[in-house]
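Engineer: quick one, fold the following:
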Amino acid sequence: MDNKLPIAGAKDEVASAMLKITHSKQDLIDKLNSRSTATAVAPPVEGDSLEPFEFRRVAMRGVFQHDRELFLIGRALNGEPGIHILTPLQPDDGSAAILVDRGWVPFEGRAAASRQTG
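Structural biologist: Purely as a prediction, here's the structure:
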């Protein structure tokens, strides 16, 4: 019984798989870079496919509902402790509120009055 593994074939398969992963990651990075810097678009409406909106900036007007914010604690940026804030936005057109990722702030930025509007 021959217990030897076909190493050359396995190396080729691993190399091929690694190449596919590399291309897949590069495609994702390219999509993120191009979509995140593109002009903001109107948000999707019910029934729209969400894939074209992935990584896209969306423009809409409304009022932030600071009394309903979500704080993701235990976040740090460059070693500084803080929180990540998600704020519901009630659109001016009366449609359902959406969560807006307001980003990271130091703990002192938790109060809505201490943050930039918009």
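Engineer: in this protein, where is pLDDT below threshold?
Structural biologist: 1-10, 118 (pLDDT under 70).
Engineer: which strand is the longest one in it?
Structural biologist: For the chain, the longest strand by residue count, based on DSSP state E, is strand 80-91.
Engineer: give the other helices and strands that that one contacts.
Structural biologist: Contact here means 3 or more CB pairs under 8 Å, 6 or more residues apart in numbering; DSSP states H and E; on that basis strand 80-91 packs against strand 62-64, strand 70-77, strand 98-106. For the C-beta atoms, the positions are set from N, CA and C on the backbone; glycine is no exception.
Engineer: kindly provide the distance from the closest residue to residue 50 other than its chain neighbours to residue 37.
Structural biologist: Counting by CB to CB, 6 or more residues apart in numbering, residue 50 lies nearest to residue 44, which is 6.1 Å off, once chain neighbours are set aside. In this view, residue 44 and residue 37 are 19 Å apart by CB to CB, to the nearest Å.
Engineer: so what touches the longest strand of the chain?
Structural biologist: Contacts of strand 80-91 with the rest of the structure, by CB atoms under 8 Å, 6 or more residues apart in numbering, involve 60-66, 68-73, 75-76, 97-107, 109-110, 115.
Engineer: try 7 Å this time
Structural biologist: Residues from elsewhere that reach strand 80-91 (CB atoms under 7 Å, 6 or more residues apart in numbering): 60-66, 68-73, 75-76, 97-107, 110.
Engineer: centre of the chain versus that strand, how much separation?
Structural biologist: Relative to the chain's own centre, strand 80-91 is displaced by 13 Å; criterion: CA atoms, centre = their mean, to the nearest Å.
Engineer: in CSV, list the C-alpha atoms belonging to that strand.
Structural biologist: Extracted in CSV, the C-alpha atoms of strand 80-91 (Å, rounded to 0.1, in the frame of the first residue of the first chain):
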residue,chain,number,x,y,z
GLU,A,80,-8.6,55.5,22.3
PRO,A,81,-11.8,54.0,23.9
GLY,A,82,-15.1,55.2,22.7
ILE,A,83,-18.5,54.2,21.3
HIS,A,84,-20.0,53.6,17.9
ILE,A,85,-23.4,55.4,17.3
LEU,A,86,-26.4,54.3,15.3
THR,A,87,-29.1,56.9,15.1
PRO,A,88,-32.6,56.5,13.6
LEU,A,89,-33.4,59.1,10.9
GLN,A,90,-37.1,59.9,10.3
PRO,A,91,-37.3,60.9,6.7
